[in-house]
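Participant: model this:
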Amino acid sequence: MDEFLRVDQVSEMNRAISSIIDRKLSGSISSGEILAPGLWLSFESDGPVVGSFETFPGMMISIKMNPSGKGISGAFHVALGESDLAEKYYLGFVARIQSPNACSFRVCLRSGSGFGFEDQYFYKPVISVSDPVAHLDVIPILNTHSVPLWAPWRELLLSFECRSIEFSLLDLRIFTV
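Facilitator: Next up is the predicted model:
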């Protein structure tokens with residue numbers, strides 16, 4: 001089984017995620033603002049989105065936001081860098097998440113191309129509730145034509161409806177097999 005795992009590539013993908021765990025950061029949020037190296041939020045809304053983010057030791061990030069106009073969508077982006085998936089069968093993620101009120105997220109793998117990017121959504125929505133829950137999902141690389149085997153950059157996006165929302169992403173890890 002070891003021949004299917006390239007630990008160096010997986011480690012590179014998880015570096016942005018690990019960069020803020022065990023650090024204390026806080027601030028206000030706005031679309032495109034870099035929260036930490038390789039981590040940012042984006043919004044599509046007809047009005048400003050106000051809110052805040054905070055990290056605590058042992059937790060990735062806590063986000064509270066409230067759009068002042070009619071919200072459309074938002075996303076939490078994690079840069080994964082350049083990656084070659086030619087010898088991979090699956091790309092997946094494991095997340096631990098919680099929120100005071102139930103909310104759901106769609107997770108997407110965005111792969112850069114010469115024409116912009118290609119999105120491939122994972123199959124299962126992430127459901128967050130008041131107790132921490134774990135979620136795991138995978139994309140079969142060889143059977144999915146919208147995931148290029150090589151990309152100059154990739155991002156993992158947690159997308160959500162842009163409405164009043166509060167959630168804590170306790171941990172997030174990417175893996176390949």
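Participant: shaky segments in this structure?
Facilitator: 1-22, 31-32, 45-47, 69-72, 162 (pLDDT under 70).
Participant: For residue 66, name its beta-bridge partners.
Facilitator: residue 50 (DSSP bridges).
Participant: Tally up the residues packed near it, please.
Facilitator: 14 (other C-beta atoms under 10 Å). Every residue, glycine included, has its C-beta placed from N, CA and C.
Participant: Verify the stated contact: it with residue 43.
Facilitator: No: taking C-beta atoms under 8 Å as the definition, residue 66 is not a contact partner of residue 43, at 11.5 Å.
Participant: what's the overlap in contacts for these two?
Facilitator: residue 49 (C-beta atoms under 8 Å, 6 or more residues apart in numbering).
Participant: measure residue 136 to residue 115 for me?
Facilitator: 31 Å (C-beta to C-beta, to the nearest Å).
Participant: Neighbour count: the two, which is higher?
Facilitator: residue 136 (13 against 6).
Participant: and the spatially closest residue to that one that is not a sequence neighbour, how far is that from residue 112?
Facilitator: Once flanking residues are discounted, residue 136 sits nearest to residue 94: 4.9 Å by C-beta to C-beta, 6 or more residues apart in numbering. Computed with C-beta to C-beta, the distance linking residue 94 and residue 112 is 24 Å.
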